[in-house]
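# have a look at this fold, sequence not included:
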């Protein structure tokens, strides 16, 4: 349990109706999971708008509601918090609820059309081979050290992400890697996370059913790097035509990799087999 005032501390709150001097028992974005003392975050999804459920929650025992617009009827027992973007707010609330686990890990995000799962998994495996404890959030499966946790999304919702990162912290993990899909970046599912680094693989024409244009797809991927802090690294593939565009506005330290050009990390494939690939990176065989 946490105080409402503590949970709201990282948010840019526009207006509050009611008291923030309350104890919150849970943070949820699914109205079906609301219990007495819950904080409900009304998120506008692609198919369902969480605001439409607010009138149904007036007598559910919900303690507070975060929304982008206040409902017509105000129940005096509920605190209403208005923000400009409730999806962004949910990310920060989820991080605060789980004690900001991403700040206690070296979290690396991997984005791009192809290669996200492979790259994130390699980072996870490499960290463990070097003697560190590590976790993984990926399309195939989530891992907290050796514990496999089934998944059905490339990048889960903020509450699930932070719950899993919290489990990694509790398990003593030093490193974590995760796939960052364009949908997740656009829908602010990674809001509130502190990344130690980001990796870009490539960009091809994909997911245009959602993003509509290649430019919008690129912008969603690029927003991940735009949001990296100056303490992070941004590693990009300069063999891809948008590789340098991805990191042009980032505050992070920029590094490049390539199989064809001079880069910070230049690779050459020596041998490719069914059980693996032998490569040379900057003259060192891997």
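Great, that's in hand. Keep in mind that what you see is a predicted model, and the values were worked out from it rather than measured. Residues are numbered from 1 along each chain as shown.

# residues contacting the spatially closest residue to residue 148 that is not a sequence neighbour?
Once flanking residues are discounted, residue 148 sits nearest to residue 141: 5.3 Å by Cβ to Cβ, 6 or more residues apart in numbering. C-beta here means a position set from N, CA and C on the backbone, and glycine is covered the same way. Residue 141 makes contacts with 148, 149, 150, 151, as judged by Cβ atoms under 8 Å, 6 or more residues apart in numbering.

# now for the spatially closest residue to the second one that is not a sequence neighbour, how many residues are close by?
Pointing back at residue 149 there. Nearest residue to residue 149 in three dimensions, chain neighbours excluded: residue 142, at 4.2 Å (Cβ to Cβ, 6+ apart). Neighbour count for residue 142, taken as other Cβ atoms under 10 Å: 22.

# could you do residue 173 as well?
If you count neighbours by other Cβ under 10 Å, residue 173 ends up with 26.

# and for residue 267?
Residue 267: 17 surrounding residues under other Cβ under 10 Å.

# what do you get for residue 126?
By the criterion of other Cβ under 10 Å, residue 126 has 14 neighbours.

# on the pLDDT front, check it for me.
pLDDT, residue 126: 95.

# that one: what secondary structure?
helix (DSSP: H, G, I helix; E, B strand; the rest coil).

# give me phi/psi at the residue nearest to residue 148?
Main-chain dihedrals, residue 141, degrees, to the nearest 10: phi -170, psi 150.

# how far away is it from residue 157?
As judged by Cβ to Cβ, to the nearest Å, residue 141 and residue 157 stand 17 Å apart.

# next one: residue 104
Taken as Cβ to Cβ, the span from residue 104 to residue 157 is 20 Å.

# what's the answer for residue 33, then?
Distance from residue 33 to residue 157, counting by Cβ to Cβ: 12 Å.

# who has more neighbours, these two?
The residue with more neighbours, out of residue 33 and residue 157, is residue 157; 19 against 12, by other Cβ under 10 Å.

# contacts only, for the closest residue in space to that one that isn't next to it in sequence.
Residue nearest to residue 157 in three dimensions, not counting chain neighbours: residue 189, with 6.0 Å by Cβ to Cβ, 6+ apart. When contacts are counted by Cβ under 8 Å, 6+ apart, residue 189 touches 87, 91, 155, 156, 157, 158, 161, 183.
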